[in-house]
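Asks: whatever this is, show me its structure:
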Amino acid sequence: MSERKIRVLVAKPGLDGHDRGAKVVARALRDAGFEVIYTGIRQTPEMIAEAALQEDVDVVGLSILSGAHMALCPRVVELLRKNGLEDVVVLVGGIIPDEDVEPLKQMGIKAVFGPGTSTQEIVDFINRAMAERDRAAVPA
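Replies: Reported below is the predicted structural model:
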């Protein structure tokens, strides 16, 4: 396994200007030992994908409260794949209706975290996802 810290990009796609939750998650991830890059509010999917490429991240965490998740999340995943970042784990947090969770996962989102999710749950999920990715990368 790699000794480098897990790198997480936290981004606020779309026009939503509320970023308190994203900042709380970013701080919790940093406190858990991850290297965190926070892009700020009002990022386009293109800006997020480019930042993920430039920063060589392992995880992209999208925070969406605006209701635009079904348009923005798939576009971010598409652009990451287009840039050769197939192994980047994409997570979404925010106000996501239950009926949208499974379609998002089918589009490439690995996990959806709603209101009330503990930051420890997010940390644990990322650690498990990275361990699984590292195991899958080792030739049998």
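
Asks: tell me which element the most centrally placed residue in the chain falls in.
Replies: Note on the chain: the residue nearest the mean C-alpha position is G61, at 2.0 Å, using C-alpha atoms, centre = their mean. Per DSSP states H and E, G61 falls inside strand 59-64.

Asks: ok, then the element right after that strand?
Replies: Immediately after strand 59-64, counting by DSSP H and E, sits helix 69-82.

Asks: in that next one, what counts as buried?
Replies: 69, 72-77, 79-80 (16 or more other C-beta atoms under 10 Å). (Glycine included, C-beta is placed from N, CA and C.)

Asks: and the helices in the chain, which stretches?
Replies: Taking DSSP state H, the helices of the chain run over residues 20-31, 45-55, 69-82, 98-106, 119-137.

Asks: using a markdown table, lay out those together with mean pLDDT.
Replies: A markdown table is the format used below for the helices of the chain (pLDDT from 0 to 100):
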| stretch | mean pLDDT |
| --- | --- |
| helix 20-31 | 95 |
| helix 45-55 | 97 |
| helix 69-82 | 97 |
| helix 98-106 | 97 |
| helix 119-137 | 93 |
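
Asks: V112: which of these is closest?
Replies: Of all these, helix 98-106 sits nearest to V112, with 4.8 Å by C-beta to C-beta.

Asks: look up how far K12 lies from A131.
Replies: 28 Å (C-beta to C-beta, to the nearest Å).
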